[in-house]
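Undergrad: Got a predicted structure plus its sequence, pasted below:
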Amino acid sequence: MNLAAEILIAALLVLGGAFVLIGSWGLARLPSLMTRLHGPTKATTVGVGACLIASMIYFPASGQGWSAHELLITIFLLLTAPISATMIAKAHLHRQGRGIDPNPADGIVSGLPAPPGDGDWATFQGAAAEPAKLPHLPRD
Amino acid sequence: MTGSLLSWSLAFALACISLAILLSLFRLVRGPTSGDRILAVDTLTINVIALIMVFGIAEATTTYFESALLLAMVAFVATVAYCKFLLRGDIVE
């Protein structure tokens, strides 16, 4: 392996390790869930991406051939990180709005204010009223 | 192993990721809400994926890529299922 590839791999590994550590440090250190979501969803994703790119450079540079696995994992992580963060935020808002499992650090102990339209914050309450209109359901 | 630069950076990355796993475990034990614990498990699996990749470089083998890919998929499905359960009280309606 030549020196340039080795320096590049080492830099990417150091960057990846540092970002993964920063993301988890944010998860442990920040005060409430909505702030804690920032660390793992952004910093950790960058860190894992850097580790995967380092691996993607290492194996061709050491003569073991190129594989698409790292690219697949990178794409999959980049696609799923925002979705899981949104789902966690929705579940948290739902429980905070109902007064279940309150955390004083969030500042919404007394419950959320009413949303502007019908339904509930970030939940499926609006859709729950729909099935009565479906034709195949029995009517009384 | 090749040069000392690569071995030093591999040791640094492994130490950082191990510390990150410990911090995620702290948040998993501490809570205080269920959302925090779900987020901690999600972060833990992403950290384990990074650990597997760096370990694969250290061992110079491509055997572990499939396990990392499987872990990424299962972690996403598990996070969404946990959140769906908290939102609706059921996973598949």
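TA: Here it is on my side, so go on. Numbers count the residues shown, from 1 in each chain, chains lettered A, B, ... in the order given.
Undergrad: just the helices in chain B please.
TA: Taking DSSP state H to define them, one finds helices in chain B at B:4-30, B:34-59, B:65-88.
Undergrad: Among those helices, show me which one is buried the most.
TA: Mean neighbour count (mean count of other Cβ atoms under 10 Å in any protein chain shown) peaks for helix B:34-59 among the helices of chain B, with a mean of 23. (C-beta placed from N, C-alpha, C; glycine too.)
Undergrad: tell me what that one is packed against?
TA: Of the remaining helices and strands, those touching helix B:34-59 by 3 or more Cβ pairs under 8 Å, 6 or more residues apart in numbering or on different chains; DSSP states H and E are helix A:3-29, helix A:33-36, helix A:45-61, helix A:69-97, helix B:4-30, helix B:65-88.
Undergrad: What's the local residue count around the closest residue in space to A:Cys51 that isn't next to it in sequence?
TA: Leaving aside its sequence neighbours, A:Cys51 sits nearest to A:Gly16 (Cβ to Cβ, 6 or more residues apart in numbering or on different chains; 3.8 Å). Counted with other Cβ atoms under 10 Å in any protein chain shown, residues neighbouring A:Gly16 total 29.
Undergrad: Give me the distance between the most centrally placed residue in chain B and A:Glu6.
TA: Centre of chain B computed as the mean C-alpha position; nearest residue by Cα atoms, centre = their mean is B:Thr45, 2.3 Å away. Distance, B:Thr45 to A:Glu6, by Cβ to Cβ, to the nearest Å: 30 Å.
Undergrad: where does chain B have low pLDDT?
TA: Along chain B, the parts satisfying pLDDT under 70 run over B:1-2.
Undergrad: One more pass at 90, please.
TA: Within chain B, the segments meeting pLDDT under 90 span B:1-7, B:30-35, B:59-66, B:84, B:86-93.
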